[in-house]
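>>> sharing a model that was predicted from the sequence below.
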Amino acid sequence: NAGVTQTPKFRVLKTGQSMTLLCAQDMNHEYMYWYRQDPGMGLRLIHYSVGEGTTAKGEVPDGYNVSRLKKQNFLLGLESAAPSQTSVYFCASSEAGAVTEAFFGQGTRLTVV
Amino acid sequence: GESVGLHLPTLSVQEGDNSIINCAYSNSASDYFIWYKQESGKGPQFIIDIRSNMDKRQGQRVTVLLNKTVKHLSLQIAATQPGDSAVYFCAENFSSGSARQLTFGSGTQLTVLP
């Protein structure tokens, strides 16, 4: 039972470089989310998707782009990485509907130097 | 190790004692609440949930209390064990346009002392 899988688990980028984080879920969930977690800040929603082909902005979307071309995958892109984007990134998925928990991946630790 | 817990509110309890972790939520329209546990180096894991039409819900060794009047949640852990040491987050779920959003609190670091 894979659940939610994130790749890579660790990455170091230089300022200005670009990269894509991949999230894959095998639970046939409609909703997928990208969060970032910083010390003392809890989890903040970057972008989310309520279905294949749809995306929406969350609380802190600036500097990130996302795509949901396939239902099982949700990609998070950084076009020009900045040190402020150093964080741990978590992907999550959930069923559609009002009362449903979200299942999280193991996280990606990104450092921008 | 992870640095995620360094600046969080902390709670230390003796093994075997009961723990109470508190959370204030912000959106009066939230209708579903979840407690998550996050161990070092891992993603958050579901513990227990409660709907807004309930005041209390019990699970195995855990109880969640909801006070909508003051927008307050608490998580009670009975007979706390070393494996309970983790960061605990409350999350509120609410409608945002045509979708649902899940917003997290900043978390509490629970340390169980031997």
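Looks like it arrived, so ask away.
>>> and the spatially most central residue of chain A, what helix or strand is that in?
Nearest to the mean C-alpha position of chain A, by CA atoms, centre = their mean, lies residue A:34 at 2.8 Å. Residue A:34 belongs to strand A:31-38 when elements are defined using DSSP states H and E.
>>> what's the following helix or strand after that strand?
Assigned by DSSP H and E, the successor of strand A:31-38 is strand A:42-49.
>>> after that following strand comes which helix or strand?
Moving toward the C-terminus from strand A:42-49, the next helix or strand (DSSP H and E) is strand A:56-57.
>>> which residues are contacting that following strand?
With contacts defined as CB atoms under 8 Å, 6 or more residues apart in numbering or on different chains, strand A:56-57 is touched by A:47, A:48, A:49, A:50, B:99. For the C-beta atoms, the positions are set from N, CA and C on the backbone; glycine is no exception.
>>> stretch A:38-46 too?
Counting by CB under 8 Å, 6+ apart, residues outside stretch A:38-46 touching it are A:33-37, A:58-61, A:64, A:66, A:76, A:87-90, B:3-8, B:44, B:89, B:101-107.
>>> let's see 7 Å
A:33-37, A:58-61, A:64, A:76, A:87, A:90, B:3-4, B:6-8, B:89, B:101, B:103-107 (CB atoms under 7 Å, 6 or more residues apart in numbering or on different chains).
>>> buried only: go through these for me.
A:33-37, A:58, A:60-61, A:64, A:76, A:87, A:90, B:4, B:8, B:89, B:101, B:103-107 (16 or more other CB atoms under 10 Å in any protein chain shown).
>>> out of these, which sit inside strands?
Counting by DSSP state E, the buried ones among the contacts of stretch A:38-46 place A:33, A:34, A:35, A:36, A:37, A:76, A:87, A:90, B:89, B:101, B:103, B:104 in strands.
>>> any part of the lowest-mean-pLDDT helix or strand in chain B near chain A?
Every helix and strand of chain B was ranked by mean pLDDT, DSSP states H and E. The lowest is strand B:99-104, at a mean of 77. Yes: judged by CB under 7 Å from any CB of the partner chain, strand B:99-104 and chain A are in contact via B:99, B:100, B:101, B:102, B:103, B:104.
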